[in-house]
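In: model this:
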Amino acid sequence: MLTLSLDKASGSGFESKNEYLFGNIDMQLKLVPGNSTGTVTAYYVIKITGTTWDEVDFEFLGNLSGDPYILHTNVFRKKKKATENNNSISGLIQLLIFTLIPSFGILSALCIFSVDGTPIKEFKNSESIGVPFPKSQPMRIHSSLWNADDWATRGGLVKTEWTQAPFTASYRNFKADACVWSNGASSCSSNSLSNPSTWFSQELDSTSQQRLKWAQSNNMIYNYCTDSRRFPQGIPTECNAS
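Out: Modelled structure (predicted):
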């Protein structure tokens, strides 16, 4: 068990000792209970090289007690925001299991976001049409709890209630079925990656695709591929990927 804390003076965070190139990462996370307006609980993998970075992240935006959390997901490649979605998560369910699967067995083709085993987003490799994809840099797992009341809750209209501080988020049961990167080499052998039962060969089957469509139809509240105001000159290239 590991707990992060946030008060008006400072937030907190952690990072993994290992770097991972590809893998299946599980973590159980208990979000900030009660009134969590203005706070962000982030869980992500990232690699910063100079002025550019690769990143795949979950950001849980705080809300008034009893209202849903907002789950904000992003993929960055070479400092470019490649995809962004918001999903609502019931505020009554505070113990969630998250799975990050940057899985590259299908021709380096897939990154899956899941919550409690349900896929909520599938980000495919679209390098063939000029969209960068995070596949070349090993990344560390990070998490942080911080104040973002200038934008996190209703676009910054509802501010952090510091009388409720300290805010806490808790983590447990970390599991990494992944390729550890060390001294310029991966811990995964070609034999282990060729095993069809491993995460490296995983893709969404028909049932998982149906669950993904259900989650997006019932919970997605923002998809930047449909935000014509944000992109008056036309939606980004990756939005046209099949």
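
In: helix or strand next in line after the helix or strand of the chain with the lowest mean pLDDT, which one?
Out: None of the helices or strands of the chain scores lower by mean pLDDT, DSSP states H and E than strand 95-103, at a mean of 34. Next along the chain after strand 95-103, taking DSSP states H and E as the criterion, comes strand 110-115.

In: tell me what the longest strand along the chain is packed against?
Out: What stands out as the longest strand in the chain, according to DSSP state E, is strand 167-182. Using 3 or more Cβ pairs under 8 Å, 6 or more residues apart in numbering; DSSP states H and E, the elements in contact with strand 167-182 are strand 2-6, strand 19-30, strand 140-147. Heads up, the C-betas are built off the backbone N, CA and C, glycines and all.

In: tell me the angle that strand makes with strand 19-30.
Out: Counting by axes from the mean of the first three to the mean of the last three Cα atoms, to 10 degrees, strand 167-182 points 160 degrees away from the direction of strand 19-30.

In: what does the helix or strand just after strand 167-182 contact?
Out: With elements assigned by DSSP H and E, the helix or strand that comes after strand 167-182 is strand 185-186. With Cβ atoms under 8 Å, 6 or more residues apart in numbering as the test, strand 185-186 has contacts from 21, 179-180.

In: for the longest strand of the chain, buried residues please.
Out: Neighbour-count burial for strand 167-182, counted by 16 or more other Cβ atoms under 10 Å, picks out 167-171, 176, 178-181.

In: so Leu29 sits right up against Asn173, yeah?
Out: No - the criterion here is Cβ atoms under 8 Å, and Leu29 misses it with Asn173 at 9.7 Å.

In: tell me the mean pLDDT over whichever helix in the chain runs longest?
Out: Looking across the chain with DSSP state H, the single longest helix is helix 206-219. Average pLDDT, helix 206-219: 89.

In: by contact count, what packs against it?
Out: strand 80-89, strand 118-124.

In: if you set the cut-off to 7 Å instead, what comes out?
Out: strand 118-124 (3 or more Cβ pairs under 7 Å, 6 or more residues apart in numbering; DSSP states H and E).

In: how far does the strand it packs on sit from the chain's center?
Out: Its chain's average C-alpha position is 10 Å from that of strand 118-124, according to Cα atoms, centre = their mean, to the nearest Å.

In: now swap in stretch 112-121 and tell me
Out: Using Cα atoms, centre = their mean, the offset of stretch 112-121 from its chain centre is 10 Å.

In: that stretch: end-to-end distance?
Out: End-to-end distance of stretch 112-121 (Cα to Cα, to the nearest Å): 6 Å.

In: do the same with stretch 189-206
Out: First residue to last in stretch 189-206 (Cα to Cα) measures 29 Å.

In: what comes into contact with stretch 164-175?
Out: 1-8, 26-32, 34-36, 39, 41, 143, 145 (Cβ atoms under 7 Å, 6 or more residues apart in numbering).

In: then stretch 231-242?
Out: 82-83, 124, 126, 129-131, 225.

In: just flag the most distant two among those.
Out: Farthest pair in the contacts of stretch 231-242 (Cβ to Cβ) is Gly130 and Cys225. Separation: 15.9 Å.

In: compare those two (neighbour count), which wins?
Out: Taking neighbours as other Cβ atoms under 10 Å, Gly130 and Cys225 compare with Cys225 leading, 16 against 8.

In: find the nearest non-adjacent residue to that one, please.
Out: Cys239 (3.7 Å; Cβ to Cβ, 6 or more residues apart in numbering).

In: count the neighbours of that neighbour for me.
Out: So Cys239, with other Cβ under 10 Å, has 16 neighbours.

In: and if you look at Ala9?
Out: 7.

In: what ranges in the protein fall below the confidence cut-off?
Out: Low-confidence segments of the chain, defined by pLDDT under 70: 79-82, 87-110, 190-202, 242.
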